[in-house]
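A.B. asks: structure of the sequence below:
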Amino acid sequence: MRTWLLITPILILFTACEFPKDPENTLKKVKDGQLRVGISENPPWTQKSGETWTGIEPALIERYAKKLNAEIKWIAKSESELMKELENHRLDLVISGLREDNPHSKSVGFTYGYAGEKKAKRVMAVPPGENAFLSDLERFLRAEDPKAGEQKNASR
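C.D. replies: Predicted coordinates:
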């Protein structure tokens, strides 16, 4: 009986919480909706070819959007402008061959270092606190081979 008295409050606490959580519901909004992707040119990770974005990361994000049944809206700006937009939840994701030692790591969320050199792995940035979205994106990245998307194009 004592064991149940100790375990019951703990079980109630854990079942009442949803982990991971998205305070702004990013994952929920993006699924079957629109994925707002901030992008700036940084070959071979991201590059502009006419009206089309190409490179390793746009190809990955095209596949991720397909998984979520989401339409991509590409927003091209400078990296610092994109990070401000992301910090204020006006973007869902920023890609640009970002490195894990990026100075914005204190104000936005970063995926794990998924590709690149040993000393400077590449990351993607998500809005701060959007842990469910970040977890979903990281599961996708782990299942993908970033080099496989290098030659595929992502349309604007």
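A.B. asks: give me the number of residues near residue 80?
C.D. replies: By other Cβ atoms under 10 Å, 11 other residues sit near residue 80. For glycine as for every other residue, the C-beta is placed from the backbone atoms N, C-alpha and C.
A.B. asks: which residues are in contact with the helix or strand where it lies?
C.D. replies: For residue 80, the host element (DSSP states H and E) is helix 79-87. For helix 79-87, contacts defined as Cβ atoms under 8 Å, 6 or more residues apart in numbering pick out 38-40, 75, 77, 91, 93-94, 96, 98, 104, 107-108, 125-128.
A.B. asks: inside helices: which ones of those residues?
C.D. replies: Judged by DSSP state H, the contacts of helix 79-87 include no members of helices.
A.B. asks: now intersect the residues you listed with the strands, please.
C.D. replies: 38-39, 75, 93-94, 96, 98, 125-126 (DSSP state E).
A.B. asks: in the chain, which spans are strands?
C.D. replies: Taking DSSP E to define them, one finds strands in the chain at 34-39, 47-49, 52-54, 71-76, 93-99, 109-110, 115-117, 120-126, 153-154.
A.B. asks: can you lay out those strands as TSV showing distance to residue 141 and mean pLDDT?
C.D. replies: Converted to TSV, the strands of the chain look like this (distance: least, Cβ to Cβ, whole Å; pLDDT from 0 to 100):
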stretch	distance to residue 141	mean pLDDT
strand 34-39	15	98
strand 47-49	20	95
strand 52-54	18	96
strand 71-76	16	98
strand 93-99	11	96
strand 109-110	12	96
strand 115-117	9	76
strand 120-126	8	93
strand 153-154	16	45
